[in-house]
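Enquirer: predicted coordinates and the sequence they were generated for:
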Amino acid sequence: MARQASAAQGPGGRQPLSPLIHGRVRLLILSFLLRTGRAQTFPAIRRSLDLTDGTLSVHLSKLEEGGLVAITKTFEGKKPVTLVRMTTKGKREFKRYLGDLLAVLPVLK
């Protein structure tokens, strides 16, 4: 019984896998931003991850509310451009998420 209780909690007694990151689409977005290492446009993210505008918009809003990404809207000439970048907090939380994920995964031999 004690083993189950400890497995249900991450380091420091917190929830082991952040629900904000653990969702499939949000995990894909954050992974993509980290992999590219720079801000990306909304269309580039949408195309690369094969998402609809609505799905991407909803998940980016959640990530922005959580402080994991910053969204900047600018113009190139008269054309609006939405740039998305991972924040310092986002990088820190993603690193913590990966550590928590490794802690709950079984070791394969």
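Expert: Looks like it came in fine. Just so we're clear, the structure is a prediction, and the values are computed from it rather than from any experiment.
Enquirer: what's the helix ranked longest in the chain in contact with?
Expert: In the chain, taking DSSP state H as the definition, the longest helix is helix 88-104. Contact partners of helix 88-104, identified using CB atoms under 8 Å, 6 or more residues apart in numbering, comprise 7, 10-11, 16-18, 20-22, 30, 33-34, 63, 66-69, 86. No exception for glycine: its C-beta is placed from N, CA and C like everyone else's.
Enquirer: average pLDDT for that helix?
Expert: On average, the pLDDT along helix 88-104 is 94.
Enquirer: now do the buried residues in it.
Expert: 90, 93-94, 96-97, 100-101 (16 or more other CB atoms under 10 Å).
Enquirer: which stretches of this protein form helices?
Expert: So, for the chain - with DSSP H - the helices run 2-7, 19-22, 24-36, 42-49, 53-65, 88-104.
Enquirer: for Lys73, which of those is the nearest?
Expert: Closest approach to Lys73 among the helices of the chain (CB to CB): helix 42-49, 9.4 Å.
Enquirer: what does the closest one contact?
Expert: For helix 42-49, the surrounding residues in contact (CB under 8 Å, 6+ apart) are 25, 28-29, 32-33, 40, 51-53, 56, 60, 82-84.
Enquirer: 10 Å instead, please
Expert: Contact with helix 42-49 is made by 25, 28-29, 31-33, 35-36, 40-41, 51-53, 55-57, 59-60, 71, 73, 80-84, as judged by CB atoms under 10 Å, 6 or more residues apart in numbering.
Enquirer: report the central residue of the chain.
Expert: Leu30 (3.5 Å; CA atoms, centre = their mean).
Enquirer: isn't it up against Met86?
Expert: Yes: the pair Leu30 / Met86 is scored as a contact, 6.6 Å apart, by CB atoms under 10 Å.
Enquirer: list the residues that are in contact with both of the two.
Expert: Between them, Leu30 and Met86 have 63, 68-69, 93-94 as joint contacts when contacts are counted by CB under 10 Å, 6+ apart.
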